[in-house]
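S.K.: Okay, structure incoming, though there's no sequence with it:
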């Protein structure tokens, strides 16, 4: 079994009313922490069948779950064309024969059955019912789970989150059907009021994402809720006019990573098999030297990177959000080399890249150790505090963060996802200091500016930003 970085499982069960010791249905929630993604396996124990909802790129955990329960995966339901991760729906169909269900507006290129408004899927004593809930995307659906004649749960995809609803601005230029954010925001208003909020308060809400995703802006870190709780506490479900809702929902959304449109299209086609994609990545000899000008993502720690790295390398450190920042800084049409500190870390990084469909972009992967020709000078924090005017300060946080709080009066704000394209805008007449909110993004940002301004001293404020809060 290939590693699934950041992955964990949560089990929820419903007992048979006549025999509490016998589980007639189980809902297994799978969590990918790196992408804040939740997928689900719904098991009918009496039928020995499983239906998956919004599976992640690596299908092995679902196969393992089916084997552990002596059950068969019979269906995969996609709640919409995902932008932030690559689904394994096609691979699961090809491996197990499971039928794929999606809304007809997806325009799916893979074998599937339309699961439009009112469609139902029965297995054992479980009935899954489709609600068409456009808003995050035109093709979004929510899946109501009825068990023994009563609605028990709703799988809301990116329509309803815990504490939020899905952002409406991702499908203006991507997908089978595009729509303006204002139009989708109004559709979200009607989807929540006319459909989801009419379900009973005790119905459990299982979303496709939790806190940390870029598919919404105010998500809770809870992994489930009830419709009653969301009606009381979710800002988006409070009483307001459609116009007011549209204004609130379209304001201050997070940035859109470069890879989002690419993943929408890839999910519409269906991705290649996960293991073969991973295996196809070329492993190079230790300390391989890419040709000058080649794009190199160096995922080692910022301390090691600053001591020794190749010229022009971008320091996207391995961490909880590596795949998000990889897909935000590097475009889906760009090939790149990948460097890590060990074989274990290299395998982990390739697996993370595959979660967003970037494994095929890796031109070669290698371990980097020992001495490399470039280094980044350390920052004298006390000098900076005493003489801030001697530095050009670049703030790589998002605009909404800067709007909420600015650390330095004369800082130039260029968000990290835009920095490669805009680094030449940074004045080169004095030392450049790069900062973010905690140190992770500034490590990447300072490496980008260093590559763009080779004759200028570039410094990283790093974690020292905390002394200015």
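M.R.: Good, I have the coordinates. Keep in mind it's a predicted model, so treat the numbers as computed, not measured.
S.K.: what about residue 33, neighbour count?
M.R.: 14 (other C-beta atoms under 10 Å). Yep, even glycine has a C-beta here, placed from its N, CA and C like the rest.
S.K.: Wait, it touches residue 320, no?
M.R.: Yes: here residue 33 lies in contact with residue 320, judged by C-beta atoms under 8 Å, at a distance of 6.4 Å.
S.K.: Give me the nearest residue to residue 429, chain neighbours excluded.
M.R.: For residue 429, the nearest residue in space outside its immediate sequence neighbours is residue 392; the separation is 7.7 Å by C-beta to C-beta, 6 or more residues apart in numbering.
S.K.: contacting residues around that neighbour?
M.R.: Under the criterion of C-beta atoms under 8 Å, 6 or more residues apart in numbering, the contact partners of residue 392 comprise 412, 426, 427, 429, 430, 431, 432, 433.
S.K.: now the stretch 1-150 of the chain, which segments are flagged as low pLDDT?
M.R.: Counting by pLDDT under 70, the stretch 1-150 of the chain contains low-confidence residues at 1-23.
S.K.: Strands along that one, start to end?
M.R.: In the stretch 1-150 of the chain, the strands defined using DSSP state E, counting those that start in this stretch lie at 7-16, 19-32, 37-44, 49-53, 72-77, 99-102, 113-114, 120-123, 126-132, 141-147, 150-157.
S.K.: Of all those strands, which one is nearest residue 402?
M.R.: Distances from residue 402 to each of the strands of the stretch 1-150 of the chain were compared using C-beta to C-beta; the minimum, 27.8 Å, belongs to strand 37-44.
S.K.: what angle separates the closest one from strand 72-77?
M.R.: Put simply, strand 37-44 runs at 130 degrees to strand 72-77, going by axes from the mean of the first three to the mean of the last three C-alpha atoms, to 10 degrees.
S.K.: re the thing from before, and the strands of the stretch 1-150 of the chain: which comes nearest residue 243?
M.R.: Minimum separation from residue 243 across the strands of the stretch 1-150 of the chain (C-beta to C-beta) falls at strand 126-132, 23.0 Å.
S.K.: Would you mind listing the outside residues contacting the closest one?
M.R.: Strand 126-132 is contacted by residues 25, 42, 44, 51, 77, 101, 103, 115-122, 140-147, 154, 191, 195-196 when judged by C-beta under 8 Å, 6+ apart.
S.K.: And the residue nearest to residue 429, how far from residue 427?
M.R.: Computed as C-beta to C-beta, to the nearest Å, the residue 392 to residue 427 distance reads 5 Å.
S.K.: what does residue 268 give?
M.R.: Here the distance between residue 268 and residue 427 works out to 43 Å (C-beta to C-beta).
S.K.: before we move on, what about residue 107?
M.R.: Summarising the geometry, the distance separating residue 107 from residue 427, computed by C-beta to C-beta, is 47 Å.
S.K.: what sits against residue 321?
M.R.: Going by C-beta under 8 Å, 6+ apart, residue 321 touches 34, 212, 440.
S.K.: Oh, that last question was meant for residue 268, not what I typed.
M.R.: If a contact means C-beta under 8 Å, 6+ apart, then residue 268 has 81, 106, 107, 108, 109, 175, 176 as its contacts.
S.K.: redo that, cut-off 6 Å
M.R.: Residue 268 is in contact with 81, 109, counting by C-beta atoms under 6 Å, 6 or more residues apart in numbering.
S.K.: ok, then the element right after whichever strand or helix holds it?
M.R.: The secondary structure element spanning residue 268 is helix 260-269 (assigned by DSSP states H and E). Using DSSP H and E, the helix or strand that directly follows helix 260-269 along the chain is helix 274-279.
S.K.: What is that next one packed up against?
M.R.: When contacts are defined as 3 or more C-beta pairs under 6 Å, 6 or more residues apart in numbering; DSSP states H and E, helix 274-279 packs onto helix 343-355.
S.K.: from the contacts of residue 392, which is closest to residue 294?
M.R.: Out of the contacts of residue 392, the one with the shortest distance to residue 294 is residue 426. That distance is 22.9 Å, counting by C-beta to C-beta.
S.K.: ok, now how distant is the closest one from residue 258?
M.R.: Residue 426 is 20 Å from residue 258, where distance means C-beta to C-beta.
S.K.: List the contacts of residue 197.
M.R.: Taking C-beta under 6 Å, 6+ apart as the contact definition, residue 197 lies against nothing.
S.K.: phi, psi of it?
M.R.: Here is the backbone geometry of residue 197 (degrees, to the nearest 10): phi -70, psi -10.
S.K.: Buried residues, the helix or strand that contains residue 186. List them.
M.R.: Assigned by DSSP H and E, residue 186 belongs to helix 181-194. Judged by neighbour count using 16 or more other C-beta atoms under 10 Å, the buried positions of helix 181-194 are 181, 183, 184, 185, 186, 187, 188, 189, 191, 192.
S.K.: My guess is the fourth one contacts residue 246. True?
M.R.: In this case it means residue 185. Yes: using C-beta atoms under 6 Å, residue 185 is in contact with residue 246, at 4.3 Å.
S.K.: Neighbours of residue 269, how many?
M.R.: The number of residues packed near residue 269 is 11, by other C-beta under 10 Å.
S.K.: which stretches of this structure form helices?
M.R.: Under the criterion DSSP state H, the chain carries helices at the ranges 60-68, 89-96, 181-194, 227-233, 242-250, 260-269, 274-279, 302-307, 322-329, 343-355, 381-386, 399-404, 416-422, 440-452.
S.K.: least reliable of those helices going by mean pLDDT?
M.R.: Of all the helices of the chain, mean pLDDT reaches its minimum on helix 399-404 (a mean of 92).
S.K.: Contact partners for residue 431?
M.R.: Taking C-beta under 6 Å, 6+ apart, one finds 391, 457 in contact with residue 431.
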